[in-house]
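> Return atomic coordinates for the entry below.
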Amino acid sequence: GTYSCSHSKPRRTPPLSPKRAMTPSASLRIFFFVALYPYLHSLPIPATDIIKQTYRLALLLQSNTSVLLNTYLSYQGSPFSDPGFNSPYFHIEELPGAAITYRIWRDLSDEQRLAENYQAYSIYTEFFQLVLDDQKALIPEQDILLSMLRKTRLGIEGLLNNLASVMSMAGYQIPVPSDPLMSASASIGYFERKVRGYVVCREYRNWMDRTVRDFTLLQDRYL
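Numbering: from 1, shown residues only. Down below sits the predicted model:
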C-alpha cells in the first residue's frame, strides 16, 4: 500500500490492555449463517430479522475493536507500544476510510449504505489476512494477538454473509469485491508492516462504528 504521514499533536488512546483477549463467543458464531424467514416486509428491505441479527453482530464486533487495536500496539515495540501512542496521519491508499459528512451519510439510499459496507469489509478481510501473515512472520510466538486477528477476520466474514443476505432479499445487486493487494505487499520492511497493521486495526474500528450507526438507522426506519 501507499503510506503517508505528517506531524501533529497526538491524541491520547485508551491505555493498553494486552491481557484482554476476545473470547470465542457462541453468540458470534450463530450470527454467521442466518436463517432466511419466508415472510416479507412492506418496506424496501424485507429482511427484518436479518437486520436485527446484523445489528447485534456489528455491536459485538464493535465491542472488541479497541481491545484489538491496543493489544496489537502492545506487541509491536516502541514507538507503537509507548503509552498514549496515536498517529492518525498514517494512511494506506487502498484501504477504504469510514469518514463521511453527516449530510452525505444521512442521504445515502439503503442500497448505497449496504453496498459501501459490503465493499469496505470485502477489502478489510483481505487486509486482515495480510496483517495476520505479517504478524506470524514478526512475532510468531504471540498466540493471543494471532488468535484475535483470526477471530476478527472470521467475524468480518460473518458480517459479509449477513450483508449479502440483506441485499439479496431486498433485490439489491451485491457488489463484486475488489482485490487491491498485489503480491509485492508481502515484501515491505518490518516497520512498514507494523504501521500497516496499526492502520488496518485503527480504520477497522472506525468502520465498525459507522456500521453500527448504519444499522441503527435501518432499524429505526424499518423495525
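> Can you report how many residues lie near Pro211?
Just so we're on the same page, residue 211 is Thr rather than Pro. 25 (other Cβ atoms under 10 Å). Bear in mind the C-beta positions are built from the backbone N, C-alpha and C, glycine included.
> Pretty sure it sits against Tyr118.
No: using Cβ atoms under 8 Å as the test, Thr211 is too far from Tyr118 to be in contact (10.5 Å).
> how about the nearest residue to Gly77 once chain neighbours are set aside, what does it touch?
Of all residues not flanking Gly77 in the chain, Lys194 sits nearest, at 7.9 Å (Cβ to Cβ, 6 or more residues apart in numbering). Going by Cβ atoms under 8 Å, 6 or more residues apart in numbering, Lys194 touches 76-77, 80, 134, 138.
> Let's see which of the residues you listed end up in helices.
Among the contacts of Lys194, the members falling in helices (DSSP state H) are 134, 138.
> Just the buried residues out of the contacts of Lys194, in ChimeraX syntax.
Burial among these is assessed by 16 or more other Cβ atoms under 10 Å; the matching ChimeraX selection reads:
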select :76,80,134
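> which one of the contacts of Lys194 is nearest Pro180?
Nearest to Pro180, judged by Cβ to Cβ, of the contacts of Lys194 is Asp134 at 16.0 Å.
> count of residues packed around Ser109?
10.
> Now do the strands in the protein.
Along the chain, counting by DSSP state E, strands occupy 3-4, 91-92.
> tell me what the last one is packed against?
Other helices and strands packing on strand 91-92, by 3 or more Cβ pairs under 8 Å, 6 or more residues apart in numbering; DSSP states H and E, are strand 3-4, helix 190-222.
> just those: most buried one?
helix 190-222 (a mean of 19; mean count of other Cβ atoms under 10 Å).
> Figure out how far it is from the centre of its chain.
4 Å (Cα atoms, centre = their mean, to the nearest Å).
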